[in-house]
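Novice: Compute the structure for the input listed below.
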Amino acid sequence: MLAKKISENSQSSQLLQSAKSIKANLENDTLEIGGVFNPSEISEDSLDETQKAILDKTIQTFPQLKDLNIYVGIVGQPKFENGRLTLDKDSKLKVGNLTFSIDEIAPKFGLSPDKLDRYLEQELAKLNIQGIQVENDKMMIKISQ
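Specialist: Numbers count the residues shown, from 1 in each chain. From the prediction side, this is the model:
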């Protein structure tokens, strides 16, 4: 359902729209939101400069991942500022089963931690998540169009 809403949202980046699946999980006040991507199926023409750099560095560093479905997500404490979802400064990036701090993984992509953090905030904003409500062990996410 989340993937369908994102694919219908014209604000979502082409990268988000290319996800095979998207999931969100809220546990112990920590939100994890991510998707499954296959790098070989992502059209570089539809990517912005930062997305191209991340994709190129990832394939360069891990060529065996080029044709695999890979889970990529962001994990952190959610909060809403000015009607937008943001995550705390201690957010982590998850690739497969591995979790990295922004400071740790940014240089591997050839980016500064600040640039990667700003980029992730922009991508998160494109999801247009306006609210999260937990009721009876179910998480409801409000997405605006």
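
Novice: So which residues of this protein form helices?
Specialist: 2-8, 14-17, 49-61, 102-105, 113-126 (DSSP state H).

Novice: okay if I get those as JSON lines plus distance to residue 89?
Specialist: (Each C-beta comes from the backbone N, C-alpha and C, glycine too.) What follows is the helices of the chain, written out as JSON lines (distance: least, CB to CB, whole Å):
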{"stretch": "helix 2-8", "distance to residue 89": "25"}
{"stretch": "helix 14-17", "distance to residue 89": "23"}
{"stretch": "helix 49-61", "distance to residue 89": "19"}
{"stretch": "helix 102-105", "distance to residue 89": "8"}
{"stretch": "helix 113-126", "distance to residue 89": "8"}
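
Novice: Of those, which is nearest residue 79?
Specialist: helix 113-126 (11.5 Å; CB to CB).

Novice: Next, the angle from the closest one to helix 49-61.
Specialist: With axes from the mean of the first three to the mean of the last three CA atoms, to 10 degrees applied, the angle from helix 113-126 to helix 49-61 works out at 120 degrees.

Novice: got the CA positions of helix 113-126 in PDB?
Specialist: Taking Å, rounded to 0.1, in the frame of the first residue of the first chain, the C-alpha atoms of helix 113-126 are listed here in PDB:
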ATOM      1  CA  PRO A 113      28.100  13.500   6.000                       C
ATOM      2  CA  ASP A 114      26.200  16.800   5.800                       C
ATOM      3  CA  LYS A 115      25.500  16.500   2.100                       C
ATOM      4  CA  LEU A 116      24.200  12.900   2.500                       C
ATOM      5  CA  ASP A 117      22.100  13.900   5.500                       C
ATOM      6  CA  ARG A 118      20.500  16.800   3.500                       C
ATOM      7  CA  TYR A 119      19.900  14.500   0.600                       C
ATOM      8  CA  LEU A 120      18.200  11.900   2.800                       C
ATOM      9  CA  GLU A 121      16.000  14.600   4.400                       C
ATOM     10  CA  GLN A 122      15.000  15.800   0.900                       C
ATOM     11  CA  GLU A 123      14.100  12.300  -0.200                       C
ATOM     12  CA  LEU A 124      12.200  11.700   3.000                       C
ATOM     13  CA  ALA A 125      10.300  14.900   2.400                       C
ATOM     14  CA  LYS A 126       9.300  13.700  -1.100                       C
END
